[in-house]
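# This is a predicted model, with the sequence first.
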Amino acid sequence: MSEMDPFNQVFGRLHDFMRQGVFTDLVFLVDNSTFTAHKVVLAACSSAFRYMFSEMENSANNQVLIPDVNAETFSVFLDFLYRKDVNLENARADQLLSLADQYDVEDLAKLCDDSLETSLNVENAVDVLMLADSYGRADLKLKVSRFIEKRRNSVYSCGGWEKLEDNFELVKEILGNFFEKEPCPKELYQEDSTAKKTWTVLNYSWISEEGAVRRLEKSYPAKLELSIHGFHYCFRVSLVHMCCQIAVKLCLVHQDGAPIVIEVTRTNNCRLSSVTKMCIEPCQWESNPEKTLSIFISGFDLITYPFDLTVSLKIPQADMLFSPRKPLRLSPDAKLVVENDVIFICKRILAEKSDFFRRLFATAEVQEFEVHDIPLETLKKLVSFMNSDSMPSPDEVNLNLLRGAVKLKLEGLIAHCVSILKTKMTISNASEMSAAAEQVCLDQLENAAKEFIVKRAEVIVKSNKLHLFKNNRAAMKELFLKGRCLK
């Protein structure tokens, strides 16, 4: 020790006195061991000790019990108070940090932070994170969050998520740390729900995006794709000359079984001239062996050239999908009882449409049947569907209807509900949809909900919507594992 450092010399001697029990006036009882120390030294290093000793001033008892700490760790703690220069290898960092926090020794807490950060790995990362959270070590918590972000799959594989998932507030905080601190850009709340292709049309020809002039007699198909709400559509689109008219020809390459709106718009000098819009149901492609559709614009003699022609693909709004029901013309021969109300039915029709009712009617000769677990209004819609063979309108489709369709094994209605619910998915209801889909084992809707949630992870976290997913462990896990900051 340098002779030019008198303070270190003094504390060095006091440290020796402490170890030898010379002039000590305090005894610590730790893990079946005893340690002696000088009150004045400890009070000079810690405001917590200073307050404690002032409370003990009139007491004859100079013993202090230290629970939940082993002797080796407490020995390192005392060494630090006397010398400020210790080796943490023989100490448990969690216990040492607890002592530093309890007795307000910030220098030692920072040393523990550095030690914990140095020893960080995928197996202990969550433990260190929770330790940092317990003792309010903000810088350490942020560093551990960044460490976990880069290795979250490995942390999950080591069982880290199981330790973390019940601590919602901590999960919320680290997910916030996964993303940049700037406010969430407005465009992140929006999703491009339209795919489109535009041509500039001359007389009997059109100009490509590359500037080449193409004749209408020949087909130069362009690829047009739309992915939204878990659906994917892909077309080859051509502008052709057919029967003295200009037509847009669409050839289906791929579709996920959802309705789609095809809109063709013609503009002259940026002014709208005409719009042709149609909503195509999946069954219409299935009944079309060539999977093609031609939309005619107008005769050449009625058009002013040049003009711009735009073909757009969109997911339809609810009011575009409504198909009116056929009137009910059946003779009821039984009734369903639900919630103290009655629905009159024709057993033959329901038995033909639903395995659930076929088994129910086969095992009973009575004319009155109780139905449980399906709300009255939902059951009315289900019976109406089976009677009429008309799909319910999108406004009528909800999770209760989906659950009822699953219970009654109405496969066509299940597919319809799934396709509509995908288009209705929002941040506010995605968690409920994910949980409901998992409950009834509908992988398509569950996967769509998970994809929806992951794509909007930054929006969910930054717009304080994470509480909506608090009770959905599957959704929280997806956010933890796959949520990415949108660049």
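In hand now; what should we look at? Owing to the predicted nature of the structure, the values given are computational and were not obtained by experimental measurement.

# For Phe53, which residues are in contact?
Lys39, Leu42, Ala43 (CB atoms under 8 Å, 6 or more residues apart in numbering). Any C-beta I mention is one placed from the backbone N, CA and C, and that applies to glycine too.

# Give me the subset of the residues you listed lying in helices.
Lys39, Leu42, Ala43 (DSSP state H).

# now that we have those residues, which one has the most neighbours?
Leu42 (23 neighbours; other CB atoms under 10 Å).

# Run through who's touching stretch 394-402.
318-319, 321-322, 374-375, 378, 381-382, 392, 413-414, 416-418, 420-421, 423-424, 432-433, 436, 440, 442, 445.

# so how far is it off the chain centroid?
Centre-to-centre, stretch 394-402 and its host chain are 22 Å apart (CA atoms, centre = their mean, to the nearest Å).

# separation between Asp79 and Asp85?
From Asp79 across to Asp85, the span is 8 Å (CB to CB, to the nearest Å).

# typed the wrong thing, it's Glu149
When Glu149 is compared with Asp85 (using CB to CB), they lie 34 Å apart.

# since we're on the nearest residue to Pro392 once chain neighbours are set aside, how many residues are nearby?
Of all residues not flanking Pro392 in the chain, Lys381 sits nearest, at 5.6 Å (CB to CB, 6 or more residues apart in numbering). For Lys381, the count of nearby residues is 21 (other CB under 10 Å).

# Tell me if I'm right that Lys381 and Ser390 touch.
No: Lys381 sits out of contact with Ser390 when judged by CB atoms under 8 Å, with a separation of 11.0 Å.

# Neighbours of the closest residue to Ser331 other than its chain neighbours, how many?
Excluding the flanking residues, the one nearest Ser331 by CB to CB, 6+ apart is Cys346, at 6.4 Å. Look at Cys346: counted by other CB under 10 Å, it has 17 neighbours.

# and Cys346, what pLDDT?
Note on Cys346: pLDDT of 86.

# My read is that it contacts Glu352, right?
No: applying CB under 8 Å as the test, Cys346 and Glu352 come out as separate, 9.7 Å apart.

# Whichever helix or strand Val64 is part of pairs with which strands?
Assigned by DSSP states H and E, Val64 belongs to strand 63-66. Take DSSP bridges as the rule and strand 63-66 pairs in its sheet with strand 26-30 (parallel).

# what mean pLDDT does the next helix or strand after the partner strand have?
Per DSSP H and E, the first helix or strand lying C-terminal to strand 26-30 is strand 33-37. Regarding strand 33-37, the rounded mean pLDDT is 92.

# which of Glu149 and Asp85 has more neighbours?
Using other CB under 10 Å, the more surrounded residue of Glu149 and Asp85 is Glu149, with 18 against 10.

# Pretty sure the more buried one sits in a strand.
No: secondary structure assignment places Glu149 outside any strand; it is helix (DSSP: H, G, I helix; E, B strand; the rest coil).

# which ones are touching it?
By CB under 8 Å, 6+ apart, the neighbours of Glu149 are Ile174, Asn177, Phe178.

# what comes up buried for the helix or strand harbouring Val261?
Using DSSP H and E, Val261 sits in strand 260-268. By neighbour count with 16 or more other CB atoms under 10 Å, strand 260-268 contains the buried residues Ile260, Val261, Ile262, Glu263, Val264, Thr265, Arg266.

# Which single one of these is nearest to Ala405?
Distance to Ala405, by CB to CB, is smallest for Ile260 among the buried residues of strand 260-268, at 22.4 Å.

# Report the beta-bridge partners for the closest one.
Going by DSSP bridges, Ile260 forms beta bridges with Ile280.

# From Pro67, how far out is the residue nearest to Pro392?
With CB to CB as the criterion, Lys381 and Pro67 are 63 Å apart.

# now Ala247
Relative to Pro67, and taking CB to CB, Ala247 is found at 85 Å.

# if we can go back for a sec, neighbour-wise, give me the winner out of the contacts of Glu149.
Ranking these using other CB under 10 Å puts Ile174 first, with 23 neighbours.

# pLDDT (mean, whole number) over the strand holding Val64?
90.

# With stretch 199-207 instead?
Stretch 199-207 carries an average pLDDT of 65.

# do stretch 172-185 as well
pLDDT averaged over stretch 172-185 gives 68.

# show me the contacts for the closest residue in space to Val105 that isn't next to it in sequence.
Among residues not flanking Val105 along the chain, Ser46 sits closest, at 5.6 Å (CB to CB, 6+ apart). Ser46 is in contact with Leu81, Tyr103, Asp104, Val105, counting by CB under 8 Å, 6+ apart.

# what's the closest of the residues you listed to Phe168?
Nearest member of the contacts of Ser46 to Phe168, counting by CB to CB, is Asp104, at 29.4 Å.

# mind checking how far the closest one is from Leu116?
19 Å.

# who has more neighbours, these two?
Leu116 (24 against 15).

# Am I right that that one sits in a helix?
Yes: assessed with three-state DSSP, Leu116 lies in a helix.

# Hmm, Leu140 and it touching each other?
Yes: counting by CB under 8 Å, Leu116 touches Leu140, with 6.4 Å between them.

# Closest one of the contacts of Phe53 to Val459?
Out of the contacts of Phe53, the member with the shortest distance to Val459 (by CB to CB) is Leu42, at 51.2 Å.

# okay but that closest one is in contact with Tyr51, surely?
No: counting by CB under 8 Å, Leu42 stays clear of Tyr51, with 11.4 Å between them.

# hmm, back to that, in the contacts of Ser46, find the pair that's most separated.
Longest span within the contacts of Ser46, CB to CB: Leu81 and Asp104, 11.6 Å.

# residues in contact with stretch 369-384?
325, 328, 334-339, 341, 343, 345, 350, 360-361, 392, 396, 400-401, 403-405, 407-408, 410, 413.

# Quick check on those: which are buried?
Using 16+ other CB under 10 Å, the buried members of the contacts of stretch 369-384 are 334, 336, 338, 343, 345, 350, 360-361, 392, 396, 400-401, 403-405, 407-408, 410, 413.

# The residues you listed in helices, which ones?
Using DSSP H, those in helices are Leu350, Leu360, Phe361, Asn400, Leu401, Arg403, Gly404, Ala405, Lys407, Leu408, Leu413.

# What is the nearest of these to Glu89?
Of these, the one sitting nearest to Glu89 (CB to CB) turns out to be Arg403, at 58.4 Å.

# Quick check: that closest one touching Val440?
Yes: with contact defined as CB under 8 Å, Arg403 counts as touching Val440 (6.1 Å).

# returning to that earlier point: neighbour count winner among Ala247 and Pro67?
Ala247 (18 against 7).

# The more buried one reaches Val264, doesn't it?
No: with contact defined as CB under 8 Å, Ala247 does not reach Val264; the gap is 9.4 Å.

# pLDDT weak spots in the stretch 101-250 of the chain?
180-193, 201-232, 241-245 (pLDDT under 70).

# again, only using 80
160, 177-250 (pLDDT under 80).

# Tell me which stretches of it form helices.
Using DSSP state H, counting those that start in this stretch, the helices of the stretch 101-250 of the chain run over 106-118, 125-134, 138-150, 152-157, 160-164, 168-178.

# just to revisit the earlier point, max pairwise distance over the ones in helices among the buried ones among the contacts of stretch 369-384: which two?
Applying CB to CB across these, the maximum distance is between Phe361 and Asn400, 23.5 Å.
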